[in-house]
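In: The sequence and its predicted three-dimensional model are supplied below.
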Amino acid sequence: MDAKVAQRLAEVLTARREAILQGWMSTVRETLRGRLSDAELRRQIDEIYVALVATLESGATTVSASSASDLTGVLADLTRSRAQHGFSATETAISVFALKEPVREVIGEDTAALSDHAAFSGFIDQLGLYTFETYVAARDALINEQAEQLLELSTPVVKLWEGIVAVPLVGTLDSARSQVVMERLLQALVDSGSPFAILDITGVPAIDTQVAQHIMKTIVAAQLMGAQCVISGIRPQIAQTIVSLGIEFGEIVTKANLADALQYALRQQDVEIVRRNGRSAV
Amino acid sequence: MDRIPVLTLADVLLVSIQVDLEDQLALRLQDDLAERIVATGARGVIIDITALDIVDSFVGRTLATIASVSKVLDAETIVVGMRPAVAITLVELGLQLPGVRTALNIELGLAMLAASRFVESRAGDVADAAPASS
């Protein structure tokens, strides 16, 4: 598409604005099935239309041209908002592609007009692809953000007793998460001055050599800092896996459940729990 | 700074390392500590490394040597305040601090010294009290 064709198209788009917008609106409205109000849709479409006409008037022939930056900006904003509100990639791209048909209807039937329309069609295809790329990027960003939030949420460090903290691990442990757990636990030890930590893995569905390695590194690091670390909540399958993988926990203390681990920790600190009627409970 | 100050706190020597522990400085500290333990008759040494960002193999070995030397002079060494990042690095490098006891902070370090001295005195009492029965 050369600059002259672009300008010719801009003229057509300006002259037949209402007819084209009506056709475009109705197609897009159908694909969105009422999930967007007419007024909102109209506003979005107007915005794209104005930017598109301005771009064609300036003679831009590709999406990457500098004079098309307004148009791509508008499209990017629209796509991002669609991606965040759960519209599919197809629904987003159709909002752009749906412009072809109404333009063909108003542009006329002669050969010159059809060749103009073919060029216009190519340009719209580029815009469609651009929205698709933006859509994917927006969704990726969303997923990354959520993964980070999950990481933050899923590693609480709780204080069980004076000088005893516990880290209940829930969900699959991968290297990145083990790293976060490791740092959070060690920092919590420093902040709270607790010489005892319990790593509870009741909620961990599976364990592999790498994760076991990370857990052991955490424990050795805690020992280097002067704190003692106990693992609790090892489920039968995990115990079997640990043995069959040949992972050696060495001198690291492991307990079946959190209660046992807490009891062990209390005893290490010379704390005794006694029932009110005088019989020893520990 | 050409040497690291060694403070005397009752029968404990307290060393707080606030600067990068260069090789010369580390060796000097080792000498100073040995002399001070003998001079003061200290029973414990606490080395605070809260301010240290890096503990390399040389510093690690120096700490281990200090611990061994003080052991010979009948003083127990406790390294306190190791940062998480330092501990992680040591583990990743596979370095250990053999023979060095550690605590999270000075308070816990002092408590640890007191506890081990208590155990020691009890053991001494038992040994004194019942030599004939064994």
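Out: Yep, that arrived. Numbering: from 1, shown residues only, chains lettered A, B, ... in the order given.

In: biggest helix in the chain by residues?
Out: If you meant another chain, say so; for now it's chain A. Of all the segments assigned as helix in chain A under DSSP state H, the longest by residue count is helix A:111-153.

In: could you do chain B instead?
Out: From DSSP H, the single longest helix across chain B is helix B:106-129.

In: Show me which residues of chain A sit near chain B.
Out: A:182-183, A:186-187, A:189-190, A:193-195, A:217, A:220-227 (C-beta under 8 Å from any C-beta of the partner chain). Bear in mind the C-beta positions are built from the backbone N, C-alpha and C, glycine included.

In: rerun at 7 Å
Out: A:182-183, A:186-187, A:189-190, A:193, A:195, A:217, A:220-221, A:224-227 (C-beta under 7 Å from any C-beta of the partner chain).

In: Narrow these to those that are buried.
Out: For the residues of chain A next to chain B, a neighbour count by 16 or more other C-beta atoms under 10 Å in any protein chain shown gives the buried set as A:182-183, A:186, A:189-190, A:195, A:217, A:220-221, A:224-227.

In: from the residues of chain A next to chain B, which ones fall inside helices?
Out: Short answer: the residues of chain A next to chain B in helices (DSSP H) are A:182-183, A:186-187, A:189-190, A:217, A:220-221, A:224-225.

In: what's the closest of those to A:Pro205?
Out: Set against A:Pro205, the nearest of those by C-beta to C-beta is A:Met182 (19.6 Å).

In: so how far is chain A from the residue nearest the centre of chain B?
Out: Centroid check for chain B by C-alpha atoms, centre = their mean gives B:Thr77 as the closest residue, at 2.4 Å. In this view, B:Thr77 and chain A are 12 Å apart by C-beta to the nearest C-beta, to the nearest Å.

In: and residue 60, what does it touch?
Out: Going with chain A. With contact set as C-beta atoms under 7 Å, 6 or more residues apart in numbering or on different chains, A:Ala60 has these partners: A:6, A:67-68.

In: The intended chain is chain B.
Out: B:95, B:97.

In: mind checking which helix or strand it is in?
Out: helix B:57-72 (DSSP states H and E).

In: Just checking the distance from that helix to the centre of its chain.
Out: 8 Å (C-alpha atoms, centre = their mean, to the nearest Å).

In: Could you list the buried residues of it?
Out: B:59-60, B:62-67, B:69-70.

In: next one: the lowest-mean-pLDDT helix or strand in chain B to chain centre, how far?
Out: Ranking every helix and strand in chain B by mean pLDDT, DSSP states H and E puts helix B:106-129 at the bottom, with a mean of 81. When distances are taken as C-alpha atoms, centre = their mean, helix B:106-129 is centred 16 Å away from the chain's centroid.

In: Next, the distance between the ends of stretch A:188-207.
Out: 24 Å (C-alpha to C-alpha, to the nearest Å).

In: re earlier: report the next helix or strand after the helix holding B:Gly60 in sequence order.
Out: strand B:76-80.

In: quick one: strands adjacent to that following strand?
Out: strand B:44-48 (parallel), strand B:101-103 (parallel) (DSSP bridges).

In: mind checking which of the ones you listed is nearest B:Val6?
Out: strand B:44-48 (8.7 Å).

In: Could you list the alpha-carbon positions for that closest one in CSV?
Out: Output of strand B:44-48 as CSV, limited to C-alpha atoms (Å, rounded to 0.1, in the frame of the first residue of the first chain):
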residue,chain,number,x,y,z
GLY,B,44,34.2,-17.2,76.3
VAL,B,45,34.7,-15.3,73.1
ILE,B,46,31.8,-13.9,71.1
ILE,B,47,32.5,-12.7,67.5
ASP,B,48,29.8,-10.6,66.0
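
In: I'd like to know the phi and psi angles of the closest residue in space to B:Val59 that isn't next to it in sequence, please.
Out: Nearest non-adjacent residue to B:Val59, counting by C-beta to C-beta, 6 or more residues apart in numbering or on different chains: B:Leu21, 5.0 Å away. Phi and psi for B:Leu21, reported as degrees, to the nearest 10, are phi -90, psi 90.

In: just the strands in chain A please.
Out: For chain A, the strands defined by DSSP state E occupy A:158-161, A:164-170, A:196-203, A:228-232, A:253-255.

In: Using TSV, lay out those together with mean pLDDT.
Out: Shown next, in TSV, are the strands of chain A (pLDDT from 0 to 100):
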stretch	mean pLDDT
strand A:158-161	89
strand A:164-170	89
strand A:196-203	90
strand A:228-232	92
strand A:253-255	90
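
In: circling back to that earlier point, may I see the buried residues of helix B:57-72 arranged in a markdown table, with pLDDT as well?
Out: Converted to a markdown table, those look like this (pLDDT from 0 to 100):
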| residue | pLDDT |
| --- | --- |
| B:Val59 | 87 |
| B:Gly60 | 87 |
| B:Thr62 | 89 |
| B:Leu63 | 90 |
| B:Ala64 | 90 |
| B:Thr65 | 91 |
| B:Ile66 | 91 |
| B:Ala67 | 92 |
| B:Val69 | 92 |
| B:Ser70 | 91 |
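
In: Distance to B:Thr40 added to those residues, as CSV?
Out: Shown next, in CSV, are the buried residues of helix B:57-72 (distance: C-beta to C-beta, whole Å):
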residue, distance to B:Thr40
B:Val59, 24
B:Gly60, 26
B:Thr62, 21
B:Leu63, 20
B:Ala64, 22
B:Thr65, 20
B:Ile66, 15
B:Ala67, 18
B:Val69, 15
B:Ser70, 12
